[in-house]
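A.B. asks: sequence first, then the predicted structure:
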Amino acid sequence: MTDEALSAGAVARRLGVAVTTLRTWHQRYGLGPSEHVPGHHRRYTPADLIRLETMRRLTANGVAPAEAARWAVQAPNAALPGPGPRTERRGTRDGGGATIPVGRSGPAARGLARAAMRLDSNAINEVIDHAISTDGVVVTWDTLLRPVLAGIGERHAATAALIEVEHLVSRCVSEAFAAVVRAHAPHGPPRILLSCADEEQHSLPLEAFGAALAEAGIAHRLLGARVPVRALLEAVNRTGPAAVVLWSQTRSTADPTQLTALLAGPNRPLLVFAAGPGWRADSLPAGVVRPVNLAEALSLAAAVRDSLDQSAAG
């Protein structure tokens with residue numbers, strides 16, 4: 001077995017398709033893995049990958065699957081036939097539509113972006129689940145999900161399109177993080193409270209943090225988007241969290257008086273996080289920390305947990 005041979009899962013992530021799609025292409029059109037070692041699953045060779053990439057590009061451009069398969073088998077390296085008149089779009093490339101820019105991110109991010117453009121929720125879920133199980137929440141967020149979500153936002157800002165793509169990907173990401181929290185279910189009372197700032201609607205970064213906390217065995221509560229200051233203070237008074245994380249994505253929601261209110265409350269937390277790009281460092285009240293990324297926020301939360309555990313043991 002050569003080092004270049006790939007499993008079905010690896011090929012699916014690279015192409016941005018579901019594993020079930022690969023099985024269908026194999027069963028119906030003979031585009032299956034060609035390398036076989038007794039006692040092992042068949043593996044896809046580089047030549048197989050070229051054929052599958054041709055198949056994916058043609059079907060994305062509206063070519064019938066049977067015709068695309070014939071072309072992929074007969075002339076995978078030749079110039080590809082263009083889409084018919086009903087599927088041709090201005091400014092399209094690789095994938096049958098305006099692509100999602102992901103910068104220098106790896107093949108998993110490119111595969112996720114292609115799956116997102118096809119609105120292929122099965123493939124999106126497979127890529128995300130595999131990344132989390134392999135690399136963990138923090139790495140998956142930083143190297144896979146953030147680049148794709150940022151690329152969708154960049155393309156939307158330029159074209160006012162891709163709203164449906166953003167909604168589908170966001171739902172898949174949210175469900176994946178919820179699954180992590182359910183799978184780990186840390187013991188003990190939640191001592192970290194996560195909340196979006198008043199009128200802040202971007203809650204996915206907080207959900208990522210919640211999943212990372214659960215993965216690290218730290219229990220938390222997540223209030224979600226658009227939490228008014230009065231409601232946040234009421235939650236603090238009722239639950240007594242050791243730390244409060246207040247997320248702001250934009251300057252318009254980063255009102256520092258929200259942080260001041262937390263610090264002045266009768267049940268002041270040990271630590272208050274101003275998380276997110278909306279906050280300006282020079283506007284934060286004394287006693288507030290501003291983590292630069294998810295890994296740093298997780299480290300600070302772990303320090304709070306350890307401090308509480310030591311106090312309880314002493």
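C.D. replies: Cool, the structure landed.

A.B. asks: show me where the stretch 51-200 of the chain has strands.
C.D. replies: Ranges of strands in the stretch 51-200 of the chain, per DSSP state E, counting those that start in this stretch, are 192-196.

A.B. asks: pretty sure A214 contacts R221?
C.D. replies: No: contact criterion CB atoms under 8 Å: A214 and R221 do not qualify, at 11.6 Å. In this view, the C-beta of every residue, glycine as well, is placed from N, C-alpha and C.

A.B. asks: looking at those two now, which is surrounded by more residues?
C.D. replies: A214 (21 against 16; other CB atoms under 10 Å).

A.B. asks: mind checking the SS state of the more buried one?
C.D. replies: Applying DSSP: H, G, I helix; E, B strand; the rest coil to A214 yields a three-state assignment of helix.

A.B. asks: what sits against it?
C.D. replies: Applying CB atoms under 8 Å, 6 or more residues apart in numbering to A214 gives the contacts V180, V181, A183, H184, A185, P186, H220.

A.B. asks: quick check: H156 touching L162?
C.D. replies: Yes: the criterion here is CB under 8 Å, and H156 meets it with L162 at 4.9 Å.

A.B. asks: who's more crowded, these two?
C.D. replies: Ranked by neighbour count (other CB under 10 Å), H156 and L162 place L162 first, with 23 against 15.

A.B. asks: now do the contacts for that one.
C.D. replies: A98, I100, I152, R155, H156.

A.B. asks: export these as TSV, with columns for distance to V138 and pLDDT.
C.D. replies: Listed next are these as TSV, based on distance: CB to CB, whole Å; pLDDT from 0 to 100:
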residue	distance to V138	pLDDT
A98	30	58
I100	22	90
I152	21	94
R155	26	88
H156	26	86
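
A.B. asks: mind listing what's buried in stretch 300-309?
C.D. replies: Across stretch 300-309, burial judged by 16 or more other CB atoms under 10 Å covers L300, A301, V304, R305.

A.B. asks: in helices, which of those residues fall?
C.D. replies: L300, A301, V304, R305 (DSSP state H).

A.B. asks: going by distance to T140, which of those wins?
C.D. replies: Ranked by distance to T140 (CB to CB), those are led by A301 at 18.0 Å.

A.B. asks: so the closest one touches P241, yeah?
C.D. replies: No: between A301 and P241 there is no contact under CB under 8 Å: 10.8 Å.

A.B. asks: give me the common contacts of the two.
C.D. replies: With CB under 8 Å, 6+ apart, A301 and P241 have common neighbours I192.
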